[in-house]
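Asks: What follows is a predicted protein model with its sequence.
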Amino acid sequence: MNTTTAKGKIMLVGLGPGSHDHLTARARAAIAEADTIIGYVTYIKLVADLLDGKEVIRKSMTEELDRAIESLDRARQGKKVALISSGDAGVYGMAGPTFEVLFQAGWTPESDIEVEIIPGASALNTCAALVGAPLTHDFCAISLSDLLTPWPTIARRLDAVAYADFVVALYNPKSGRRTRQIVEAQRLFLRHRRPDTPVAIVKSAYRPKQRIEFTTLDKMSECDIGMLTTVLIGNSHTFVRDGLMVTPRGYGNKYEVADGERATRSGEQAGRSLSTGLSGWLETLRGSHETPAQLAARYVLPLDYIVATLADLRSAEIADVEAGA
């Protein structure tokens, strides 16, 4: 693929939130190693003082594929290219589009062009660090950008995670043209979450115009939200106290803490699954006299899942009896 004697290289560099304090040593070294820097104009500005003597190719917001194609072209010439993204290159960044372009061009990991992904802290990590500990339990990220994803697909995902009680980070929540998406997201979440569910609005994390606002789900869409904003929506246990947003990990289900001493709750064992974990739950099902439909309603789980689980339990019981015989 490479027509020169030098081996080309593409380094997909995650810059983190943008401040040099949060730029990893490997990201800084990759930029120093590169002959050519390619990126969105705003990202180029974040590391402008590190680019002396390098070829710099600036692209606009919607030119992701052009950036990837340009990187491949330079790498074919034997150049070392740093294709930069804010946050992490693999989280709504340039890693995906670059691999699409590479594969379409016939590239494989054994080809003359080396590809390295250099991770950086994504917006959900950096914004969470600024507001407390909202991601301590299960969470997910959803982009509200419908430039490439159909809105019904985004809406189904929003509804599913709201119902499942995930903490959610909303990326690309609003722009000059896309103003209604955040309102629709709020509407979907309010189907499943309390209106007073804590929400943190973080704009330009770790950058000069950083702004943090705490609000609630029912007032979320009234806040100052734009393309440089990440919206963190808590789950049913998330709380805000003394200016900090916290999602409990669940230690209270197993332990009691009083006067600085920790005690294991009755029926629980330190270092072992909860009594209501999988093994305990299966034992509860095994001894239940409720119908599958009643169990599905009790645990808010799909009926076919309950039916399949009960069938497995019955099969295991039959196998145990036959083994004993």
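Replies: Received, thanks.
Asks: looking at it, Leu135 is touching Cys127, isn't it?
Replies: No. With contacts counted by Cβ atoms under 8 Å, Leu135 stays clear of Cys127, the gap being 9.4 Å. Every C-beta, even on glycine, is put in place using the N, C-alpha and C of the backbone.
Asks: residue ranges of the strands in the stretch 151-300 of the chain, please?
Replies: Remark: strands assigned in the stretch 151-300 of the chain by DSSP state E, counting those that start in this stretch are 167-171, 198-203, 211-216, 229-233, 239-241, 244-246, 255-258, 261-264.
Asks: Show me the one of those strands that comes nearest Lys7.
Replies: Evaluated with Cβ to Cβ, the strands of the stretch 151-300 of the chain place strand 167-171 nearest to Lys7, the distance being 34.9 Å.
Asks: From the rest of the structure, what touches the closest one?
Replies: 92, 123-124, 127-128, 134-135, 137-145, 158, 161-162, 182, 185, 189, 230-235, 238, 247 (Cβ atoms under 8 Å, 6 or more residues apart in numbering).
Asks: at 6 Å what do you get?
Replies: With contacts defined as Cβ atoms under 6 Å, 6 or more residues apart in numbering, strand 167-171 is touched by 92, 124, 134-135, 139-144, 161, 230-235, 247.
Asks: ok, now stretch 286-295?
Replies: By Cβ under 6 Å, 6+ apart, the residues outside stretch 286-295 that reach it are 306-307, 313.
Asks: and those, which are buried?
Replies: Among those, the ones that count as buried by 16 or more other Cβ atoms under 10 Å are Ile306.
Asks: In helices only, show me the contacts of stretch 286-295.
Replies: Members of the contacts of stretch 286-295 lying in helices (criterion: DSSP state H): 306-307, 313.
Asks: Packing partners of the least confident helix or strand in the chain by mean pLDDT?
Replies: Least confident helix or strand, the chain: strand 255-258 with a mean of 74, by mean pLDDT, DSSP states H and E. With contacts defined as 3 or more Cβ pairs under 6 Å, 6 or more residues apart in numbering; DSSP states H and E, the packing partners of strand 255-258 are strand 261-264.
Asks: So in that sheet, which strands flank the strand it packs on, and in what orientation?
Replies: Sheet partners assigned to strand 261-264 using DSSP bridges are listed as strand 255-258 (antiparallel).
Asks: for the strand it pairs with, the distance to its chain's centre please.
Replies: Chain-centre distance of strand 255-258: 32 Å, with Cα atoms, centre = their mean, to the nearest Å.
Asks: in it, what counts as buried?
Replies: Within strand 255-258, no residue is scored as buried using 16+ other Cβ under 10 Å.
Asks: residues making contact with it?
Replies: Contact with strand 255-258 is made by 262-265, as judged by Cβ under 6 Å, 6+ apart.
Asks: So which of the strands of the stretch 151-300 of the chain is nearest Lys80?
Replies: Among the strands of the stretch 151-300 of the chain, strand 167-171 comes nearest to Lys80, with 29.6 Å by Cβ to Cβ.
Asks: where's the nearest residue to Ile225 once chain neighbours are set aside relative to Met11, distance?
Replies: Closest residue to Ile225 apart from its sequence neighbours, by Cβ to Cβ, 6 or more residues apart in numbering: Lys174 at 4.6 Å. Computed as Cβ to Cβ, to the nearest Å, the Lys174 to Met11 distance reads 32 Å.
Asks: Over to Trp151?
Replies: The separation that Trp151 has from Met11, given Cβ to Cβ, amounts to 34 Å.
Asks: More neighbours: which of the two?
Replies: Neighbour count, other Cβ atoms under 10 Å: between Trp151 and Met11, Met11 has more, with 25 against 12.
Asks: Would you agree the more buried one falls within a strand?
Replies: Yes. Counting by DSSP: H, G, I helix; E, B strand; the rest coil, Met11 is found in a strand.
Asks: quick one, what contacts the nearest residue to it once chain neighbours are set aside?
Replies: Sequence neighbours aside, Ala30 is the residue nearest to Met11 in space, at 4.4 Å (criterion: Cβ to Cβ, 6+ apart). Shown in contact with Ala30 (Cβ under 6 Å, 6+ apart): 11, 13, 82, 118.
Asks: Of these, which pair is most distant in space?
Replies: Pairwise distances across the contacts of Ala30 (Cβ to Cβ) peak at 8.6 Å, for the pair Ala82 and Ile118.
Asks: List the buried residues of stretch 315-325.
Replies: For stretch 315-325, a neighbour-count test (16+ other Cβ under 10 Å) marks nothing as buried.
Asks: What is the distance between that stretch and the centre of its chain?
Replies: Using Cα atoms, centre = their mean, the offset of stretch 315-325 from its chain centre is 44 Å.
Asks: do stretch 199-216 as well
Replies: With Cα atoms, centre = their mean as the basis, stretch 199-216 stands 17 Å off its chain's centre.
Asks: ok, and for that stretch, which residues are buried?
Replies: Those would be 199-206, 210, 214-216, for stretch 199-216 by 16+ other Cβ under 10 Å.
Asks: Determine which two of those are furthest apart.
Replies: Using Cβ to Cβ, these span at most 25.0 Å, a distance reached by Tyr206 and Thr216.
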